[in-house]
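J.: coords please:
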Amino acid sequence: MSTTSDAAEAAKAAASSGFDAIKGGVIESIKEYLPVIIALVTKFGYLGAFGAACYFAYKTALNYWIEAKPNEWLLIIRNGELKKCSIGLCTWLMPGDQHVTFPSLLNKVNFSAN
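T.: Predicted coordinates:
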């Protein structure tokens with residue numbers, strides 16, 4: 001019975017020492033490239049943050065773009081004054097602007113703005 005337990009202990013020692021050798025080799029190779037890995041992660045982090053900021057700016061800008069259909073009037077009102085009006089107008093709105101669309105088939109339109 002002692003030969004079986006000795007063989008098992010020898011197999012355990014061989015397996016653990018082999019794993020430790022592999023583990024030690026991987027750690028040593030990572031140590032050599034650690035500054036390069038840190039630099040790449042940092043640059044990709046900045047690139048990701050820049051991409052997220054551009055995406056947020058794009059989504060925000062879409063809220064200020066308005067288009068009227070080719071058969072609709074579009075009125076842009078700023079501070080109670082009419083700034084732009086046209087049929088089928090496509091334009092950017094400023095924050096606080098109000099816009100009104102209505103069909104161009106109407107002959108008379110009454111509206112009021114606050």
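
J.: quick check: domain ranges of the chain?
T.: 1-62, 65-103 (automatic domain parsing).

J.: which of these has the lowest mean pLDDT?
T.: Ranked on mean pLDDT, the bottom entry among the domains of the chain is domain 1-62, at a mean of 75.

J.: in terms of helices and strands, where is the most centrally placed residue in the chain?
T.: For the chain, residue 52 is the residue whose C-alpha lies nearest the centre (CA atoms, centre = their mean; 3.7 Å). Using DSSP states H and E, residue 52 maps to helix 2-62.

J.: after that helix, which helix or strand is next?
T.: Proceeding N to C from helix 2-62, the next assigned helix or strand is strand 65-67, under DSSP H and E.

J.: for that following strand, which strands pair with it and how are they oriented?
T.: strand 90-92 (antiparallel) (DSSP bridges).

J.: buried ones in the partner strand?
T.: Neighbour-count burial for strand 90-92, counted by 16 or more other CB atoms under 10 Å, picks out residue 91. In short, each C-beta sits where N, CA and C put it, glycine included.

J.: what comes into contact with that strand?
T.: By CB atoms under 8 Å, 6 or more residues apart in numbering, the surrounding residues in contact with strand 90-92 are 64-68, 74, 76, 84.

J.: rewinding a little: deepest of the domains of the chain, which one?
T.: domain 65-103 (a mean of 13; mean count of other CB atoms under 10 Å).
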